[in-house]
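Participant: Model the following, please.
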Amino acid sequence: MKRHVYILGVLLFLITSFSFTIGAEEVKSLKELKKRVKDEPENGDAWVVLGFGYLEDGQVKEAKGAFEKGVQYGKSAAAYTGLGIVYTRMGKGLGQKAFRTFRMALGVDPNYVDAYMEIARLHVKMGEADAEAAFKRVIAIDSTYAPAYLEFMNWHADQDYY
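Facilitator: Numbers count the residues shown, from 1 in each chain. Reported below is the predicted structural model:
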């Protein structure tokens, strides 16, 4: 049974990797993103894109500042979700703060699948059994969201149910 889960997981990984590669072509350089927020300092969406650029580059501190500006100027679900991701990467007991921030994203958009996915990931990271329900919630909201299936299967495989 574990072998079937593994094979299905690999297939989903390949599918999601392909779609992320296509999406990555649209990402601009950090230099371009910094110029955009300089030109449009009150554009919350621009700050959010910059925040995700910083995260991709491993610059967590800078990402935090960008997402805080995104929240200040846009209060979007993406801004709150990005800030929550920053808290999860900073560690140091910030898990509950991350959960609160993800819930703030859901206050803006109750169906924002990325916030639900980050909640599921955080449950996994913290070793909490609530991960299963969180993954099921993501799948219920968007049954086409392949990363949820992949990570849910990996989580199940790690639970020694078989």
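
Participant: which residues touch the residue most central in space within the chain?
Facilitator: When C-alpha atoms, centre = their mean is applied to the chain, the residue found nearest the centroid is E118 (4.8 Å). With contact set as C-beta atoms under 8 Å, 6 or more residues apart in numbering, E118 has these partners: 81, 84-85, 88, 98, 102. Every C-beta, even on glycine, is put in place using the N, C-alpha and C of the backbone.

Participant: Against K35, how distant is it?
Facilitator: According to C-beta to C-beta, to the nearest Å, E118 stands 28 Å off from K35.

Participant: follow-up on the earlier one: what score does the residue nearest to the centre of the chain have for pLDDT?
Facilitator: Looking at E118, its pLDDT reads 95.

Participant: and it, what element?
Facilitator: helix 113-125 (DSSP states H and E).

Participant: chain center to whichever helix or strand comes after that helix, what's the gap?
Facilitator: Remark: after helix 113-125, the chain's next helix or strand is helix 131-141, criterion DSSP H and E. Counting by C-alpha atoms, centre = their mean, to the nearest Å, helix 131-141 is centred 14 Å from the centre of its parent chain.
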